[in-house]
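Trainee: What follows is a predicted structure for the sequence shown.
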Amino acid sequence: MQAALHVQDLRKAFGGLPAANGVSLSVAPGERRLIIGPNGAGKTTLFNLITGDLVPDSGSIRLFGEEVSRLATHRRVHKGLARTFQIITLFPKDSLEHNIVLSLLGLSKARWNAFASMRDSAALYGDAQRILAVVGLEHLAKRPVAELAYGEKRRVEIAMALAQKPRVLLLDEPLAGLSREERGSVRQLIGAIPREVTVVMIEHDMDTALDMAERITVLHYGCVIVEGNRAEVVADPKTREVYLGH
Amino acid sequence: MKKKVWIFVFLTILIFLPLISGEFFVNLASQVLIFAVFAASINLLLGYGGLATLGHASYLGVAAYCSALLSLKLGLAHWATAPLALAGTTAMAALFGLIALRASGLGFLMLTLALSQVLWGTAYRWVGLTDGDNGLRGLTRPAPFGINLDDARAFYWFTLAVCAVSIWLMARFVDSPFGAALKGARDQPRRMSALGYDVWLVRWITFVYAGFWGAVAGLLFVYYHKYIHPISLSLTNSAEGLLAVIAGGSGTLAGPIAGAAIVMVLKNYVSSYIERWNMLLGFVFVLIVVFMPEGVVPGAKRIYLRCRQRFTSRT
Amino acid sequence: MQFWAQTLNSLALGGLLFLLAAGFSLIFGLMRIANLTHGALFMVGAYLGATLLKVVPSLWLAALLSGVAVAAFGGLLERFILRKLGGNVLGQVLVTLGIAYILADLCLVVWGGDPIPIPTPPLLQQPLRVAGFMFPAYRLAVVVVALAAAIGLFFLIEKTRLGAMIRAGVDDMEMARAVGIPVSRLFTVVFCLGAGLAGAGGVIGGPILSAYPGLDADMLPLALIVVILGGVGSLVGAFAGSFITGFVYTFGVALFPQLAYVVLFLPMIVVIAFRPRGLFGKFPA
């Protein structure tokens, strides 16, 4: 069966420092994969290489069999890749609604229209309302994003990513900076992501994240140290060695 | 709704202006309108695109020179020189955009400045083509539908019509989905890429579009003055346009128009009293940047509110 | 002969451009400020030097004094205006542009509209005989001085503590702050250094260019082209960019006088098209 995301021997060095040192992994369609590792292990670098924000020194990245390592970021998005960011980068001065509409427009030909008014796209605004309803925030549609609580912003960000109807969704520390209740609602949201979407997640919060994952990849100094299901990874002595002192 | 009323009132005043003013004032108003188109085109890049440019005079100047040269050297009529000048200048904007957008932020600024300076220097040196420091004179105004635009009022109404259409099209541009993409790219370019937008292409198209409107301002400029000189390609000219945007506020379309009026009026009235226009320009830049960075219009409002607050808290 | 004369002219121009652009590149690389006042600083230096030469016997001394004066002015500019605009990138650009205009008009008021020639030092007025050819000695001297400045700067940047701090700041400003580098003072020092180089450069260039209104507008685009071509924040880049530009401009003017400006920016375009960071830049401008 063809992998949804297949990374082969990915390498990226900054100066002399290898951030990705021959990383290979393969994520099956519909799988929930967790990537963990201590600070500096190269997790976000790996994400940035997959999305195209960074250009690898060598190695290949395949999305459903298609080689994408030479494609620009926005092109990969059109191939079905979506991501969230560790630091939320929504548009704070714009309304919630506008943020979602931007997300929907990104994949639509209408984004090149330089003459019609934004208000003319009633269908888009309707879709935006529906997406906000899924995360229970439709009552805040017209409010600027800056007025939202952090947890709400995080849910909006994930909703925006899901609005792109991606085939592979990369979540970069979705639980970071959230209170316990907020973590609960984001977990629920992630848990409810349909099976058609393959989810790859970076997380630091072990207790929460280990539950959500089917397979786990442990990174250390840019290399894959351990890979397997939860039981295997927890039992492996290399995992404990890597986290000693953390 | 309220905005539409204001626009209607404003346009009506502008239309009836020549009937209640003398020729000097009508000519000044024409200059303000031309400068407003120029400033608005700069703001497409600065305010909406987040790209500060110091080379926009290139498009004004090149369009003006194209129109002048095509009519002087090839004897072409205005219905031919205008589209050719616009097309040529827009093509140049497309090329310059390819170069300047290899960088963003300060690098972009320096590239636009360097490119513009090259044109300026060439206009002075290529005497065979441009007659250098003498400039090109003996130009004419077009006569659309046979109307003689040498009359100040007729030219004003012509300019007003072109200006109104230009601003209207620019307004539609910034309110469109493409405009939303542009503003998004200004605020969070990485996020926009992650949403599927080709940020570079959005910026390049905006650059070309802004260049086109700069060219339109250039044609109006050369028709008004019936003369073109390399100084129109200078950094000073670009800087004055930028000043107009900053003075009026870069957050809206109305800002550059107000700013254009402020700068043009200052230039026309003050420069008759003060010899050192450049020094005044320099001081104005420094003062505005240091004391009213968000623009004269919003800045004055802020200072007024603060003074009023201080006054009421005392009594 | 013509070829060798032009070569020497290119080298001399390159040397002058280095004095101008090295400061600009350092200021841009460290402080992320595109100092549009730089051309005006060069011009003010030239005018000051011309006046100083009435009381001071040596051109080199005048250059030194002028450099110090311009450096002091630069320090004041940085400390009291630019620092207040930290983070406001466009604001800093506009302020430096505004100050450039003010300086240019001030020079007009003080020194008038006619170009002021700066006499060549008497010792260097005789042409030098090298390999059977006669060369203007002063241009050779300019090349030597520029090389000396380059070596001095290189030593400063690579071998001194100040230089280490500058390099750290150019590479990673946040980290530099975090390890306790006194960034504010460093900024002022570097700005003074850059301004001083430009001011002294104006005097040294005096016998070749003289001091005239518009010198600032002529030099600024050259500085920009050198820095974009050579790369930001790199002395080697400023060096390479200066001499490449010196050659291209001199031969360009000789071969295509009307298109000199176009020829001038061709290398910059070619380099930018393939390497946005320039030849030796630390980061893309």
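Mentor: Looks like it arrived, so ask away. None of these values were measured; they are calculated from a predicted model.
Trainee: can we go C-alpha only for contacts and neighbour counts from here?
Mentor: OK.
Trainee: What is the helix or strand encompassing C:Leu186 packed up against?
Mentor: Assessed by DSSP states H and E, C:Leu186 sits inside helix C:183-204. With contacts taken as 3 or more Cα pairs under 8 Å, 6 or more residues apart in numbering or on different chains; DSSP states H and E, helix C:183-204 sits against helix C:2-31, helix C:38-52, helix C:59-77, helix C:161-171.
Trainee: which residues in the stretch 101-250 of chain C form strands?
Mentor: C:128-130, C:133-135 (DSSP state E, counting those that start in this stretch).
Trainee: To clarify, my last question referred to chain A.
Mentor: A:5-14, A:17-27, A:32-36, A:58-63, A:66-67, A:81-83, A:168-172, A:198-202, A:215-220, A:223-228 (DSSP state E).
Trainee: Where does the prediction get shaky in the chain?
Mentor: With no chain named, the answer covers chain A. Where chain A drops to pLDDT under 70, the residues are A:244-246.
Trainee: ah, no, chain C please
Mentor: Using pLDDT under 70, chain C drops low at C:1, C:285.
Trainee: How about the contacts made by the closest residue to chain C within chain B?
Mentor: For chain B, the residue closest to chain C is B:Gly282, as judged by Cα to the nearest Cα, at 3.6 Å. By Cα atoms under 8 Å, 6 or more residues apart in numbering or on different chains, B:Gly282 lies in contact with C:Val95, C:Leu97, C:Gly98, C:Ile99, C:Ala100, C:Tyr101, C:Ile102.
Trainee: let's see it at 7 Å
Mentor: Contacts here follow Cα atoms under 7 Å, 6 or more residues apart in numbering or on different chains; on that basis B:Gly282 touches C:Gly98, C:Ile99, C:Tyr101, C:Ile102.
Trainee: any idea whether it is helix, strand or coil?
Mentor: Following DSSP: H, G, I helix; E, B strand; the rest coil, the label given to B:Gly282 is helix.
Trainee: burial measure for the closest residue to it other than its chain neighbours, as a count.
Mentor: The shortest distance from B:Gly282 to any non-neighbouring residue, by Cα to Cα, 6 or more residues apart in numbering or on different chains, is to C:Gly98 (3.6 Å). Applying other Cα atoms under 10 Å in any protein chain shown, we find 26 residues neighbouring C:Gly98.
Trainee: most neighbours per residue, which of the helices and strands packed on helix C:183-204?
Mentor: helix C:38-52 (a mean of 29; mean count of other Cα atoms under 10 Å in any protein chain shown).
Trainee: Quick one: list the elements packing against that helix.
Mentor: When contacts are defined as 3 or more Cα pairs under 7 Å, 6 or more residues apart in numbering or on different chains; DSSP states H and E, helix C:38-52 packs onto helix C:59-77, helix C:89-111, helix C:183-204, helix C:215-230.
Trainee: got the angle between that helix and helix C:2-31?
Mentor: Here helix C:38-52 points in a direction 110 degrees away from that of helix C:2-31 (axes from the mean of the first three to the mean of the last three Cα atoms, to 10 degrees).
Trainee: May I have helix C:38-52 exported as PDB, CA atoms only?
Mentor: What follows is helix C:38-52 as a C-alpha-only set of coordinates in PDB (Å, rounded to 0.1, in the frame of the first residue of the first chain):
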ATOM      1  CA  HIS C  38      25.600  57.900   3.400                       C
ATOM      2  CA  GLY C  39      26.000  59.800   0.200                       C
ATOM      3  CA  ALA C  40      25.400  63.100   2.000                       C
ATOM      4  CA  LEU C  41      28.000  62.200   4.600                       C
ATOM      5  CA  PHE C  42      30.500  61.600   1.900                       C
ATOM      6  CA  MET C  43      29.700  65.000   0.400                       C
ATOM      7  CA  VAL C  44      29.800  66.800   3.700                       C
ATOM      8  CA  GLY C  45      33.200  65.200   4.300                       C
ATOM      9  CA  ALA C  46      34.400  66.500   1.000                       C
ATOM     10  CA  TYR C  47      33.200  70.000   1.600                       C
ATOM     11  CA  LEU C  48      34.700  70.000   5.100                       C
ATOM     12  CA  GLY C  49      38.000  68.800   3.800                       C
ATOM     13  CA  ALA C  50      38.000  71.500   1.200                       C
ATOM     14  CA  THR C  51      37.600  74.100   3.900                       C
ATOM     15  CA  LEU C  52      40.000  72.500   6.300                       C
END
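Trainee: Give me the residues contacting it.
Mentor: C:24, C:62-63, C:66-67, C:70, C:100, C:103-104, C:118, C:195, C:198-203, C:206, C:211, C:215-217, C:219-220.
Trainee: distance between it and the chain's centre?
Mentor: 12 Å (Cα atoms, centre = their mean, to the nearest Å).
Trainee: Can you tell me which residues in the stretch 1-150 of chain C are near chain B?
Mentor: Neighbours of chain B within the stretch 1-150 of chain C, by Cα under 7 Å from any Cα of the partner chain: C:Ala34, C:Gly91, C:Leu94, C:Val95, C:Gly98, C:Ile99, C:Tyr101, C:Ile102, C:Asp105.
Trainee: returning to what we had before: indicate which one of the helices and strands packed on helix C:38-52 is closest to B:Val265.
Mentor: Of all these, helix C:89-111 sits nearest to B:Val265, with 19.3 Å by Cα to Cα.
Trainee: Just want the residue of chain A that's nearest chain C.
Mentor: A:Gly15 (11.6 Å).
Trainee: Look at that residue and say how many residues are nearby.
Mentor: 7.
Trainee: before we move on, what about C:Gly180?
Mentor: Around C:Gly180 there are 9 other residues, counting by other Cα under 10 Å.
Trainee: Next one: it from C:Ala40, what distance?
Mentor: 34 Å (Cα to Cα, to the nearest Å).
Trainee: Then C:Ile204?
Mentor: 15 Å.
Trainee: likewise A:Glu227?
Mentor: Distance of A:Glu227 to C:Ala40, computed by Cα to Cα: 63 Å.
Trainee: With A:Pro237 instead?
Mentor: Counting by Cα to Cα, the gap from A:Pro237 to C:Ala40 is 67 Å.
Trainee: Now do the helix holding C:Leu186 against helix C:215-230, angle only.
Mentor: Using the same axes, to 10 degrees, helix C:183-204 lies at 120 degrees relative to helix C:215-230.
Trainee: buried set for helix C:183-204?
Mentor: For helix C:183-204, a neighbour-count test (16 or more other Cα atoms under 10 Å in any protein chain shown) marks C:183, C:186-204 as buried.
Trainee: Dihedrals phi and psi, the residue at the greatest distance from the centre of chain A?
Mentor: Most distant residue from the mean C-alpha position of chain A: A:Phe115, 33.2 Å away (Cα atoms, centre = their mean). In terms of degrees, to the nearest 10, the main-chain angles of A:Phe115 are phi -130, psi -40.
Trainee: Can you verify my assumption that C:Leu156 contacts C:Ile166?
Mentor: No - with contact defined as Cα atoms under 7 Å, C:Leu156 does not reach C:Ile166; the gap is 9.7 Å.
Trainee: Could I get the contacting residues of A:Leu17?
Mentor: Taking Cα under 7 Å, 6+ apart, we find A:Leu17 in contact with no residue.
Trainee: beta partners of it?
Mentor: Here A:Leu17 sits in beta bridges with A:Phe14, going by DSSP bridges.
Trainee: Pull up the gap between it and A:Gly40, please.
Mentor: 11 Å.
Trainee: what do you get for C:Val226?
Mentor: When C:Val226 is compared with A:Gly40 (using Cα to Cα), they lie 38 Å apart.
Trainee: So for these two, which sits in the more crowded spot?
Mentor: Neighbours per residue, other Cα under 10 Å: of C:Val226 and A:Gly40, the larger number sits with C:Val226, 34 against 13.
Trainee: Next to chain B, which bits of chain A? Give me the list.
Mentor: Counting by Cα under 7 Å from any Cα, the residues of chain A lying close to chain B are A:73-75, A:77-78, A:82-83, A:89, A:103, A:106-107, A:110-118.
Trainee: I'd like to know which of those residues are buried.
Mentor: A:73-75, A:77-78, A:82-83, A:89, A:103, A:106-107, A:110-112, A:114-118.
Trainee: just checking, which of these belong to helices?
Mentor: Using DSSP state H, the members of those that fall within helices are A:Thr73, A:His74, A:Arg75, A:Val77, A:His78, A:Ser103.
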